[in-house]
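>>> I would like to see how this sequence folds:
(one chain, ligands or ions: 1)
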Amino acid sequence: MRQHQVDDASARPPSAARYLGRSRLGIGVAAATLALAACGGGGGGGGGEEAAEGYPDGDITVVVPFSAGGPTDTVTRLVAEPMAEELGGNIVVQNVEGAGGTVAAGEVAAANPDGYTVLMHHIGMSTAPSLYPDLAYDPLADFKTVGLVTEVPMTIVARKDLEPQTMEELVVYLQQNADTVTLANAGIGAASHLCGLLLQEAIGQTLTEVPYEGTGPALTDLVAGQVDVMCDQTTNTTGQIQGGEVKAYAVTTPERVASLPDLPTTAEAGLPELQVGVWHGLYVPAETPDEIVQRLSDALKVALADQAVIDQLADLGSAPVAEEEATPEAHTERLSEQIELWRPIIEQAGVSAD
Ligand code: MLT
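Residues are numbered from 1 along each chain as shown. Next up is the predicted model:
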């Protein structure tokens with residue numbers, strides 16, 4: 001069997017020319033892409049049988065749009081290993097932070113459509129068009145979807161010495177101290193930002209938001225007492241909640257989370273409107289051959305059925321999506337629905353990145 005592994009590329013700049021793609025290699029790569037197309041290889045939804053033959057024959061880069069150690073990074077690294085094994089190749093995880101995930105998504109949209117550059121993104125893919133008027137890409141037109149990956153609950157957490165003991169007390173505290181409380185997030189359009197918006201809407205107050213490049217570093221600051229409150233995914237917060245390093249108030253899902261059974265839901269705590277779950281999905285540039293997309297989707301399904309992945313996700317309060325959702329069709333449907341769902345919410349909140 002070929003070697004398979006997941007490299008940690010978070011500490012070094014993107015290196016593979018194919019990852020840099022059209023955006024950075026400009027005319028040289030565009031010419032190479034045209035030449036490939038003329039021989040029937042490379043881009044386009046068709047002519048992909050030859051392109052898929054022997055795929056992969058080099059590293060596949062999965063770009064994570066937030067910093068290492070955060071929830072998106074955690075989910076990516078969990079599924080990357082069994083995917084690499086199934087594909088018989090190597091997967092390199094690359095963290096490209098910035099602007100709520102839109103920097104990474106823009107780079108992947110412009111990358112070579114050869115199956116060697118893949119994006120892992122979450123709900124933020126559907127909110128970016130409403131939040132970023134000058135978005136450099138169209139989530140539906142500039143990508144092919146590979147499949148949904150996971151559903152992850154969110155938690156309302158705070159530095160461990162914050163006074164309130166319950167979610168009800170927290171609401172009162174935030175209302176009375178709105179001018180001094182700081183609310184961490186991972187940038188406009190990040191899941192933590194969206195959840196923070198819903199929290200502010202629910203308490204009827206505006207808090208001071210502190211953006212980070214990911215909720216990995218935000219959580220570090222929360223544990224150190226540098227910021228007060230955060231809404232973040234269980235894949236990031238479970239360890240710190242169980243270890244008593246942060247104070248946890250509620251989960252934002254309709255049901256309680258098995259790995260955090262003592263935490264009430266926001267609805268139980270009197271805030272039924274504060275509900276949000278985070279879905280993740282894999283994307284490739286729009287011209288990637290369908291056969292390669294299918295190979296990736298098949299490998300994703302195998303990874304999500306892996307008992308070790310299921311168990312590790314369960315420990316983090318999450319679960320893989322059902323097999324039929326790990327498909328391009330189900331993923332496109334979810335993305336389209338969610339773009340429409342979030343547009344009025346964001347318009348009403350009056351939030352914009354400009
Ligand atoms: C988010 O807030 O969108 C994510 O938690 C960011 C991350 O993965 O760090």
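
>>> show me what contacts the residue in the chain that the ligand sits nearest to?
Residue nearest to the ligand within the chain (C-beta to the nearest ligand atom): Gly70, separated by 2.5 Å. All C-beta atoms are positioned from the backbone trio N, CA, C, and that covers glycine. Counting by C-beta atoms under 8 Å, 6 or more residues apart in numbering, Gly70 makes contact with Ala186, Gly214, Thr215, Gly216, Pro217, Leu219, Asn236.

>>> dump those into TSV; add neighbour count as well.
What follows is those, written out as TSV (neighbours: other C-beta atoms under 10 Å):
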residue	neighbour count
Ala186	31
Gly214	27
Thr215	31
Gly216	22
Pro217	18
Leu219	26
Asn236	29
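
>>> assign Val93 to helix, strand or coil.
Of the three states, Val93 takes strand under DSSP: H, G, I helix; E, B strand; the rest coil.

>>> try Ile310
Under three-state DSSP, Ile310 comes out as helix.

>>> tally of neighbours for the closest residue to it other than its chain neighbours?
Distances taken as C-beta to C-beta, 6 or more residues apart in numbering put Pro320 closest to Ile310, at 6.2 Å, once the chain neighbours are dropped. Pro320: 25 surrounding residues under other C-beta atoms under 10 Å.

>>> so what does Ala186 look like in phi/psi?
phi -110, psi 30 (degrees, to the nearest 10).

>>> surely it is in contact with Val210?
No. In this structure Ala186 lies outside contact range of Val210 using C-beta atoms under 8 Å: 10.4 Å.

>>> residues in contact with both of those two, list them for me.
Ala218.

>>> what about this structure, any weak spots by pLDDT?
Scanning the chain for pLDDT under 70 picks out 1-49, 354.

>>> isn't the residue nearest to Ile310 up against Pro82?
No. Using C-beta under 8 Å, Pro320 makes no contact with Pro82, being 10.9 Å away.

>>> and the chain, which residues reach the ligand?
Selection of the chain residues close to the ligand by C-beta under 6 Å from any ligand atom yields 66-67, 70-73, 124, 186, 190-192, 214-216, 232-233, 236.

>>> ok, residues contacting stretch 211-219?
66-73, 95, 97-98, 184-188, 190, 192-193, 210, 221, 227, 230, 232-233, 236-237, 240, 246.

>>> just the ones in strands from these, please.
In strands, judged by DSSP state E, the following of these are found: Asn95, Ala184, Asn185, Val210, Met230, Asp232, Gln233, Val246.

>>> thinking again about what came up before, and of the contacts of Gly70, the nearest to Ile345?
Proximity of the contacts of Gly70 to Ile345, judged by C-beta to C-beta, is greatest for Ala186, which lies at 18.3 Å.

>>> tell me the contacts of the closest one?
So Ala186 contacts Phe66, Gly70, Gly100, Ser192, His193, Pro211, Tyr212, Glu213, Gly214, Thr215, Ala218 (C-beta under 8 Å, 6+ apart).

>>> how deep is the fourth one tucked in, by neighbour count?
Read that as Ser192. 31.

>>> can you check the third one too?
Counted with other C-beta under 10 Å, residues neighbouring Gly100 total 28.

>>> repeat for Tyr212
Using other C-beta under 10 Å, Tyr212 has 24 other residues around it.

>>> cool, Thr182 as well?
What Thr182 shows, counting by other C-beta under 10 Å, is a neighbour count of 16.

>>> so what sits opposite it in the bridge?
When bridges are called by DSSP bridges, Thr182 pairs up with Thr208.
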